[in-house]
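S.K.: need a structure here:
(one chain, ligands or ions: 1)
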Amino acid sequence: MSKIFVDACLGKETPYTPVWMMRQAGRYLPEYMAVRKEAGNFLNLCHDPKKACEVTLQPVDIVGVDAAILFSDILVIPDEMGMDLSFVKGEGPKFSDPITCDADIERLIGGEEAASKLTYVYDTIKLIKEKLADDKALIGFTGAPWTLATYMIEGQGTKTYNICKKMMYSNPELLHKILVKVTEVVKLYMEKQIQAGIDVVQIFDSWAAAIETEKYDEFSWKYMVEIAEYLKEKYPHIPIIMFPKGIPAFYDRVYGNFDVFGVDWATPIELAKEKLGDKYVLQGNMEPCRLYSKEATTASVEHIQSVMQSKRHIFNLGHGILPDVPVANAKHFVSECQRVSAKK
Ligand code: CP3
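M.R.: Residues are numbered from 1 along each chain as shown. Next up is the predicted model:
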């Protein structure tokens, strides 16, 4: 059975424009909170294929999105490379031993060995594929090497990125060493996600905008393209979505073998269409905070539709949904996307 989401990623005509939401499985859903409570904490939930499968399917059943996204986190990769991830309540992710020198990189588990430790992710994918309706797609994902490296170097989230940028300008070889090692793991990790059954790959470069345009290709984009090209060579039928958040000044220089470009909410969809719409299918890009108002949501969905006109487009938010959004408003967003784009 054909999947509308996969068809849209490949630029084929679909009965309406499919829609999903970044971070669609999460705290705004009371059903998610109930399963997380049973699991004890977020990481336990990621490690438990049955529960992770359950929360992956929730937004498909409750909100009506056209694709499920694997429930996991980008930071399980450095965790399995030996970095000891924890989530501190109210403070987000933490690594106790950030990378500062060559010896720290040498100590990291790399390649096949690290990718093979993520069995709970592959088991979750297999379970989801058993339960997900045939016409819905399953998106697998990874963080871009740069976004992963920011956490590995800073040890946590950051507003200034000063530690990793100090490395970028004063010891770029060291930063590249980290990026190369992470890229090798990510290639194999995504390959194993594909072998376990995912239909589409998304690469999140959430912290792309921390890099000046001049340096973006060198420290992030080229590694994302390397991953995409590795996967495309072996699995040409699997669509790849690139989501570098907040880098419109780089749009003129975007290159690479992938299918879909994710547009963030701060970039006008008109600009993305002009610069990239002929080459790639575009995904996005409603400002997630519009979800606080049904009227503001409808206005944005209609605007995006008026620009994209059901051609080479996937509806999404321009970044993740926030935990205090009413579920009814998320449902409204999804049904409005499906309504305005339905072909009569
Ligand atoms: O529904 C989905 O999108 C699938 C699951 C998913 C999660 N994280 C679950 C999660 C995905 C795709 C991610 C990706 C992720 N994780 C990114 C890239 C995407 C983005 O939003 O930019 C990043 C930067 C992370 C790192 C991360 N994980 C942070 C900074 C945090 C803490 C902040 C927060 O939102 O609480 C997490 C935790 C996290 N990952 C939660 C969820 C549902 C919240 C955990 C909880 O309290 O239950």
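S.K.: tell me how far the closest residue to the ligand within the stretch 101-250 of the chain lies from G110.
M.R.: Going by C-beta to the nearest ligand atom, the ligand is nearest to S206 of the stretch 101-250 of the chain, at 3.1 Å. From N, CA and C alone the C-beta is placed, and that goes for glycine too. According to C-beta to C-beta, to the nearest Å, S206 stands 23 Å off from G110.
S.K.: more neighbours, those two?
M.R.: S206 (21 against 17; other C-beta atoms under 10 Å).
S.K.: who's in contact with the more buried one?
M.R.: G143, A144, T147, F243, K245, H319 (C-beta atoms under 8 Å, 6 or more residues apart in numbering).
S.K.: wouldn't the last one be in contact with W265 here?
M.R.: Yes - at 5.9 Å, H319 and W265 qualify as touching, with contact defined as C-beta atoms under 8 Å.
S.K.: which residues do those two both contact?
M.R.: P288.
S.K.: neighbour count winner among those two?
M.R.: Counted by other C-beta under 10 Å, H319 and W265 do not tie: H319 has more neighbours, with 24 against 20.
S.K.: list phi and psi for the residue of the stretch 101-250 of the chain closest to the ligand.
M.R.: Dihedral pair for S206: phi -60, psi -30, per degrees, to the nearest 10.
S.K.: likewise I203?
M.R.: Per degrees, to the nearest 10, the backbone of I203 is at phi -110, psi 110.
S.K.: measure it to V334 for me?
M.R.: Applying C-beta to C-beta to I203 and V334 gives a distance of 24 Å.
S.K.: compare the two (neighbour count), which wins?
M.R.: The residue with more neighbours, out of I203 and V334, is I203; 26 against 23, by other C-beta under 10 Å.
S.K.: which residues touch the more buried one?
M.R.: F141, T142, G143, A144, M224, I227, A228, I240, I241, M242, F243.
S.K.: one more: V201?
M.R.: Residues counted as contacts of V201 (C-beta under 8 Å, 6+ apart) are 139-142, 190, 193-194, 228, 231, 238-241.
S.K.: what about stretch 95-112 and the ligand, touching?
M.R.: No - using C-beta under 6 Å from any ligand atom, stretch 95-112 stays clear of the ligand, with a minimum separation of 11.6 Å.
S.K.: let me see the mean pLDDT of that stretch.
M.R.: Per-residue pLDDT values over stretch 95-112 give a mean of 97.
S.K.: just stretch 133-146 next, same as before
M.R.: Averaged across stretch 133-146, the pLDDT comes to 98.
S.K.: flag every buried residue along that stretch.
M.R.: By 16 or more other C-beta atoms under 10 Å, the buried positions in stretch 133-146 come out as K136, A137, L138, I139, G140, F141, T142, G143, A144, P145, W146.
S.K.: now do the SS call for C53.
M.R.: With DSSP: H, G, I helix; E, B strand; the rest coil as the basis, C53 sits in helix.
S.K.: can you list contacts of the helix or strand of the chain with the lowest mean pLDDT?
M.R.: Ranked by mean pLDDT, DSSP states H and E, the weakest helix or strand in the chain is strand 85-88, scoring a mean of 92. Contacts to strand 85-88, defined as C-beta under 8 Å, 6+ apart, come from residues N41, F42, L43, L75, V76, P78, D79, P93, K94, F95, S96.
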